[in-house]
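Peer 1: just need the structure, nothing else, for what follows:
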Amino acid sequence: MSARARPSAGLPGRGDETGGAVTLLVMLMVPVCVLAAVVAAAVPKRLAAQASADSAAANLASLAAGWRDAQGRDHGRIGWFPPDCGPAPARTASQIPEALGDDLQHACETLAESLLADLGARGFDESAMAGFYSSAYTTSAGSAAQGDGHLASLPCHAGGRAVIAEAAHLALAADWGAGDWATAQIWPHGIKIRSEAIGRIARAASNDTTESAGEDGVTPDGLPDCGELFDTALHQGLLRLGDEALSFAETLPTRTAYGN
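Peer 2: Numbers count the residues shown, from 1 in each chain. Below you'll find the model as predicted:
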């Protein structure tokens, strides 16, 4: 009887390592894919939140300019302004007819509720909205020199038949992102989103004053061209007031805080 060859007692042969490499690749790629998915979810929310803040700032700036003009208050606090709706200190509730006061209160509260609801839906902390609005633009000495050398002031021609009769500068800031899981992975403590806008009151120029401004930047009716007074520019990827517009806004006599 022939002897059978006994199997070698040595180590088993080296097998295929493809499975291990795939496993390692999966372990490395999963966190990267998860992070990419989180960023893909968070960044559009961040952009939508900024757009919402910009819209709110524009609406509040227009309201500030309109209320200053309607109430004849060039400086200081103006009445019935969101989110703290109420009359201006110089005009107590007892000085306002009851029916008119009720209407103003209702209008202000409705606007504030709508504005805060929109910001809240975009992930803002509604209780942390704050900012300021400026004096009326017509109170400035017009000390911001435009590129062509003439001084900016209001009223001014904004092109075509539009004359800007009054304006106000407003800034808004609010906390965002702390309550959302995806955004919290990118911004663990949330971030402060800011926006600013200029509210303007425009009227149509008469037909005989729509000619172009001369070399001195003054139109035939004696009003200056607005030039870069309201222009915006990109700052760190966000639209903000241009250098000249910001310089002019900073010459205004007062800034009044609102919100919390």
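
Peer 1: so the spatially most central residue of the chain versus L116, what's the distance?
Peer 2: Centroid-nearest residue in the chain, with C-alpha atoms, centre = their mean: S195, separated by 2.4 Å. Between S195 and L116 the computed distance is 15 Å (C-beta to C-beta, to the nearest Å). All C-beta atoms are positioned from the backbone trio N, CA, C, and that covers glycine.

Peer 1: L116 contacts A128, doesn't it?
Peer 2: No: L116 sits out of contact with A128 when judged by C-beta atoms under 8 Å, with a separation of 10.8 Å.

Peer 1: would you list every one of the helices in the stretch 1-150 of the chain?
Peer 2: 18-71, 98-121 (DSSP state H, counting those that start in this stretch).

Peer 1: let me fix that: the stretch 151-260 of the chain
Peer 2: For the stretch 151-260 of the chain, the helices defined by DSSP H, counting those that start in this stretch occupy 181-186, 243-249.

Peer 1: any chance of these in a markdown table, plus mean pLDDT?
Peer 2: Shown next, in a markdown table, are the helices of the stretch 151-260 of the chain (pLDDT from 0 to 100):
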| stretch | mean pLDDT |
| --- | --- |
| helix 181-186 | 75 |
| helix 243-249 | 92 |
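
Peer 1: hey, which of those helices is tucked in deepest?
Peer 2: Mean neighbour count, computed with mean count of other C-beta atoms under 10 Å, is highest for helix 243-249 among the helices of the stretch 151-260 of the chain, reaching a mean of 20.

Peer 1: what pLDDT does G79 get?
Peer 2: As predicted, G79 sits at a pLDDT of 89.

Peer 1: nearest spatial neighbour of it, skipping sequence neighbours?
Peer 2: A88 (3.7 Å; C-beta to C-beta, 6 or more residues apart in numbering).

Peer 1: pretty sure H157 contacts A205?
Peer 2: Yes: between H157 and A205 there is a contact at 6.7 Å, judged by C-beta under 8 Å.

Peer 1: between these two, which has more neighbouring residues?
Peer 2: Neighbours per residue (other C-beta atoms under 10 Å) separate H157 from A205, with H157 holding more: 24 against 19.

Peer 1: run through the bridge partners of that one.
Peer 2: V163, D225 (DSSP bridges).

Peer 1: oh, and call the first residue 56 from now on, that's how I've got it
Peer 2: OK, 56 is where the count begins now, so the last one is H212.

Peer 1: state the distance from it to S261.
Peer 2: With C-beta to C-beta as the criterion, H212 and S261 are 12 Å apart.

Peer 1: so what's A312 bridging to?
Peer 2: F187.

Peer 1: just give me the neighbour total for it.
Peer 2: Counted with other C-beta under 10 Å, A312 comes out at 11.

Peer 1: hmm, it is touching L225, no?
Peer 2: No: between A312 and L225 there is no contact under C-beta under 8 Å: 11.2 Å.

Peer 1: quick one: common contacting residues for the two?
Peer 2: Common contact partners of A312 and L225 (C-beta atoms under 8 Å, 6 or more residues apart in numbering): 186-187.

Peer 1: which of the helices of the stretch 56-205 of the chain has the lowest mean pLDDT?
Peer 2: helix 73-126 - the lowest mean pLDDT of the helices of the stretch 56-205 of the chain, at a mean of 77.

Peer 1: got any residues that touch both of H212 and A260?
Peer 2: Common neighbours of H212 and A260 (C-beta under 8 Å, 6+ apart) are V218.

Peer 1: how many neighbours does R258 have?
Peer 2: Neighbours around R258, by other C-beta under 10 Å: 12.

Peer 1: just A111 next, same as before
Peer 2: 25.

Peer 1: how far away is it from A176?
Peer 2: 12 Å.

Peer 1: run through the stretch 206-315 of the chain and note the low-pLDDT ranges.
Peer 2: Along the stretch 206-315 of the chain, the parts satisfying pLDDT under 70 run over 206-207, 262-275.
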